[in-house]
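S.K.: From the sequence below, what's the structure:
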Amino acid sequence: MQAGRGESTSRRPTDASRVTTVLVEPQFEMGDHVNGHMLSLVASGLLKKPAYYRGPYDGGAAFMLLEDPSFRAPAGRPVPRISTVFMQVIETFEIADQRRALIAYLRSRRYRVVEEPGRLKGIGSGGEEVEAAFDELGRVASLRERAKGKG
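M.R.: Okay, the predicted model is just below:
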């Protein structure tokens, strides 16, 4: 069998060939848990782009990653914003490893992360802190923030 558009040259396609095949098709089924916004969020995170835009057109929408220095978040994000955003994420999406997700989020905001069994602390460049405790399943049990010099 000769490979054509949307076909793999092997009988058992690899995950990479499946992804490549899907991405060259004008339409494909994404399932109940995946949509254009979720794919755009993943792409913007992987490619370190600060934003995306959904451009609707007759018959669908095109999602575009945006790059503009004015979209970049300042390094020292306010502590309450970090805890608020993270809690919204874990309430909205099913996150398999909340500890790892919080570590990645804090590091993306240039916080130094100190890990201990069952807890972690993120320390910002201005001395602000985010402290989290986790239950036995690795879920966030508490998330507290403290501005520099506040107890």
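
S.K.: Just the mean pLDDT for the lengthiest helix in the chain, thanks.
M.R.: Counting residues, the longest helix in the chain under DSSP state H turns out to be helix 79-92. In this model, helix 79-92 has a mean pLDDT of 83.

S.K.: where does it sit relative to the chain's centre, distance-wise?
M.R.: Chain-centre distance of helix 79-92: 12 Å, with CA atoms, centre = their mean, to the nearest Å.

S.K.: what comes up buried for the helix or strand following that helix?
M.R.: In the C-terminal direction, the helix or strand that comes right after helix 79-92 (DSSP states H and E) is helix 98-108. If you call a residue buried by 16 or more other CB atoms under 10 Å, then helix 98-108 has these buried ones: Gln98, Arg99, Ala101, Leu102, Ile103, Tyr105, Leu106. Every C-beta, even on glycine, is put in place using the N, C-alpha and C of the backbone.

S.K.: Quick check: mean pLDDT of helix 98-108?
M.R.: Helix 98-108 comes out at a mean pLDDT of 92.
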